[in-house]
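Visitor: predicted model, plus sequence, below.
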Amino acid sequence: MQRVHLSDPEATPLACQTFNSARPVFMLQMPSVFALVAAPTTRGVQALDDAKQRLPGKTYGSLIGD
C-alpha cells in the first residue's frame with residue numbers, strides 16, 4: 001500500500017497507473033468517509049467486488065470528477 005496526498009504531483013499519475021493495473025481500485029480519504037475508487041470497467045467492478053468481498057449483482061454509488 002502506498003499513501004499519497006492529493007496535492008502531491010504524483011497523485012494523478014499514480015491513479016492512472018492503478019486504473020491500468022491488474023487491480024484497478026484505490027481508497028480515497030475524504031473528511032468524513034473513505035471511498036473505494038475504481039476504473040469504470042468490468043475489471044474495475046470486479047476489483048471493487050474483491051476488495052469489499054461483495055456478492056455479485058450489488059450496486060455502488062458513483063463519484064464523478066475532473
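Guide: Now that the structure is in, tell me what you want to look at.
Visitor: give me the distance from stretch 34-44 to the chain's centre.
Guide: Remark: stretch 34-44 is offset 4 Å from the chain centroid, using Cα atoms, centre = their mean, to the nearest Å.
Visitor: ok, residues contacting that stretch?
Guide: When contacts are defined by Cβ atoms under 8 Å, 6 or more residues apart in numbering, stretch 34-44 is touched by residues 15, 19-20, 22, 24-28, 45, 47-48, 51-52, 63. Where C-beta positions appear, they are placed from N, C-alpha and C, glycine not excepted.
Visitor: quick check: buried residues in that stretch?
Guide: Within stretch 34-44, the residues scored as buried using 16 or more other Cβ atoms under 10 Å are 36, 37, 38, 39, 43, 44.
Visitor: check the separation of the first and last residues in it.
Guide: 17 Å (Cα to Cα, to the nearest Å).
Visitor: rewinding a little: out of the contacts of stretch 34-44, which are inside helices?
Guide: 15, 19, 45, 47, 48, 51, 52 (DSSP state H).
Visitor: farthest pair in the residues you listed?
Guide: Largest separation among these by Cβ to Cβ: 15 and 52, giving 19.1 Å.
Visitor: looking at these two, which is more packed in?
Guide: residue 15 (17 against 12; other Cβ atoms under 10 Å).
Visitor: could you list the low-pLDDT ranges of the protein?
Guide: 1, 60, 62-66 (pLDDT under 70).
Visitor: distance of the nearest residue to residue 5 once chain neighbours are set aside from residue 26?
Guide: Closest residue to residue 5 apart from its sequence neighbours, by Cβ to Cβ, 6 or more residues apart in numbering: residue 11 at 7.0 Å. Residue 11 sits 10 Å away from residue 26, taking Cβ to Cβ, to the nearest Å as the criterion.
Visitor: that concludes my questions; thank you for your assistance.
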